[in-house]
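only the shape, not the letters, is given here:
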């Protein structure tokens, strides 16, 4: 797969910020080394994409999720700099509803293929909230509150749930037949 890297030129500040946050989360969760995940300029081999279609959503999120699937199934991904011209007429059809749909589908791919990391982030967040909430109470001699105990237990459950799902995912894909890429 070849991806055209636009370097986030030609977009509004808020759009670039959302793209960078999503890209940061995706890189941390998957280890993928792509800098323009939602570039519209992608070239890929048809047989490979056809073999991955059952994992992809319909609509705009396809463009982002197909990159993650190529990475998950260890197909080669290269990125090349491209120049884009400003839009001469019309407006973008991408809106916040489309962006939210894309974020949900990317999170779905991460949760289905990298569940430990997905649930680890949630568990860590819960542990941090529990510490911020509970440490002052413990230092004041009031012991653990019900809320702190709940957050710690929920974080622990999600952590082990992520480990369990990671093993399920590995066993599910251990017999996947990879298509050979031509050089």
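That came through fine. Computed from a predicted structure; not experimentally measured. Numbers count the residues shown, from 1 in each chain.

what about residue 47, how many neighbours?
Neighbours of residue 47 under the rule other C-beta atoms under 10 Å: 12. In short, each C-beta sits where N, CA and C put it, glycine included.

give the contact list for the spatially most central residue of the chain.
Taking C-alpha atoms, centre = their mean, the centroid of the chain lies closest to residue 26, which sits 3.7 Å from it. Neighbouring residues of residue 26 by C-beta atoms under 8 Å, 6 or more residues apart in numbering: 32, 37, 68, 106, 110.

if you set the cut-off to 7 Å instead, what comes out?
Contact analysis of residue 26 by C-beta atoms under 7 Å, 6 or more residues apart in numbering lists 32, 37, 106.

wait, a strand at it?
No: assigned with DSSP: H, G, I helix; E, B strand; the rest coil, residue 26 falls outside any strand and is helix.

can you start the count at 436 instead of 1 from here on
Renumbered: residue one is now 436, and that last one reads residue 461.

just the pLDDT for it.
Residue 461 is assigned a pLDDT of 86 by the prediction.

could you check how far it is from residue 573?
For residue 461, the distance to residue 573 equals 37 Å [C-beta to C-beta, to the nearest Å].

cool, residue 524 as well?
From residue 524 to residue 573 the distance is 63 Å (C-beta to C-beta).
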